[in-house]
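# Below is the sequence, then the predicted model.
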Amino acid sequence: MDLRDLLQIDTPIVLGPFGGMSSVSLTAAVSEAGGLGSYGLYGYAAERIAAVAAELRAATSRPFALNLWLPLQGPGERASGEPFDRAEYDAAVAAMGDLYADAGVAAPAWPVPPLPAFEEQLEAALAAEPAVLSFIFGVPPADAIERAHARGIRVFGTATTVPEALALEAAGVDAIVASGAEAAGHRPSFLAAPEASLVGGLALIPQVVDAVSVPVIATGGIADRRGVAAAFALGACGVQVGTAFLATRQSAAPAVHRDRIRGAAAHETVLTRAMSGRAARGLPNRAVQTIERHGFASFPLQNILTGAFRRPAAEAGRDDLLSLWMGQAAGLARLDDAAEVFAELRAGVPGSRG
């Protein structure tokens, strides 16, 4: 099926959902250009989800997607909603003492409250009735897919391997985002460890296309018209692009982060668990190096603890204390405006209607 017909969009280009770095302006800009803007809801309570959906509807009348993280419990992680461990908290805070001191902030006080429950987020996301509800870190519950479809909401799942794609198709998703190892940010693997699921897009996309019958959206390493054309040649029916849009002025990334994206080389990005407790691709800096030397807490506690110094670092324009998420195509992200990025990507779509 043509992704444009499935989603009622002009161009099969999807904005990557950025979790904590999503912005209404960038999401709306991509939707207004004729693609599918996406907004990541990681850590959002129900009230904030409703508010964001209202802001998006005020900014664009075009389709958009909302993205949720499924409550995956990885090795060493605590179950969703389970209280954090005090000993783990104390060890991680001690390991990051110099980073807190340098940023001029205190560590989050104990006890650290848990993230909003997935069920609460799901209810709010369904009530918002986006065109698409996308998920990472697992297979959406059957009830969630049924309820989404009952409201006319399409459901996307994200796979990093062929077995993950098959599991998502069996669950009834409408499309699968095939995420190559080149992609920025968190690796959303769920059947095996991310480090054991690092399949490059050139190998992953055609194998997922051959394995499933639902539309496949390629992501990872796509930043210009050449990457888009390659994805379609491999059998994808659309592309999802993150880093190239993250580098634009419409994104929520601070200016220093955007500058580092444009100056990065493909070989410089690394997979690290230091900043959040889960494997993610980004540029190593002082914070990453310090934490990797001294140890860190599991997800999501580590993500909450580093947030205390990441926020003031962003305000101060300091790149040494940020999560500098970016993919291996970062050096191709040369444009500063979302509309210009979209036009460049659209030029690679075969028979574009835009």
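Thanks, I have the structure now. Numbers count the residues shown, from 1 in each chain.

# mind listing what residue 209 touches?
For residue 209, the contacting residues are 178, 216, 234, 235, 236, by CB atoms under 8 Å, 6 or more residues apart in numbering. Backbone N, C-alpha and C define where each C-beta goes, glycine included.

# Closest to residue 330 out of these?
Nearest to residue 330 among the contacts of residue 209 is residue 178, at 19.9 Å by CB to CB.

# Can you give me the distance of the closest residue to the closest one other than its chain neighbours to residue 350?
Spatial nearest neighbour of residue 178, chain neighbours left out: residue 208 (4.4 Å); criterion: CB to CB, 6 or more residues apart in numbering. Using CB to CB, to the nearest Å, one gets 19 Å for the distance from residue 208 to residue 350.

# Neighbour count for the two, which is higher?
Neighbour count, other CB atoms under 10 Å: between residue 208 and residue 350, residue 208 has more, with 31 against 9.

# Using the three-state scheme, assign the more buried one.
Under DSSP: H, G, I helix; E, B strand; the rest coil, residue 208 falls in the helix class.

# That one against residue 214, yeah?
No. Residue 208 is beyond contact range of residue 214, at 9.9 Å (criterion: CB atoms under 8 Å).

# pLDDT at the residue nearest to residue 178, what is it?
The predicted structure scores residue 208 at 98 on the pLDDT scale.

# Now do the contacts for it.
So residue 208 contacts 159, 162, 165, 176, 178, 216 (CB under 8 Å, 6+ apart).

# try residue 346
By CB under 8 Å, 6+ apart, the contact list for residue 346 reads 11, 13, 33, 34, 225, 228, 352, 354.

# quick revisit: common neighbours of residue 208 and residue 214, please.
What both residue 208 and residue 214 touch, as defined by CB under 8 Å, 6+ apart, is the set residue 176.

# distance between the ends of stretch 10-17?
End-to-end distance for stretch 10-17: 19 Å, by CA to CA, to the nearest Å.

# Pull the number of nearby residues for residue 201.
26.

# State the distance from it to residue 294.
Remark: distance between residue 201 and residue 294 (CB to CB) = 34 Å.

# what's in contact with the helix or strand where residue 289 lies?
According to DSSP states H and E, residue 289 maps onto helix 286-294. Where contact means CB under 8 Å, 6+ apart, the residues beyond helix 286-294 that reach it are 95-96, 98-99, 270, 272, 274-275, 282, 306, 309, 320-322.
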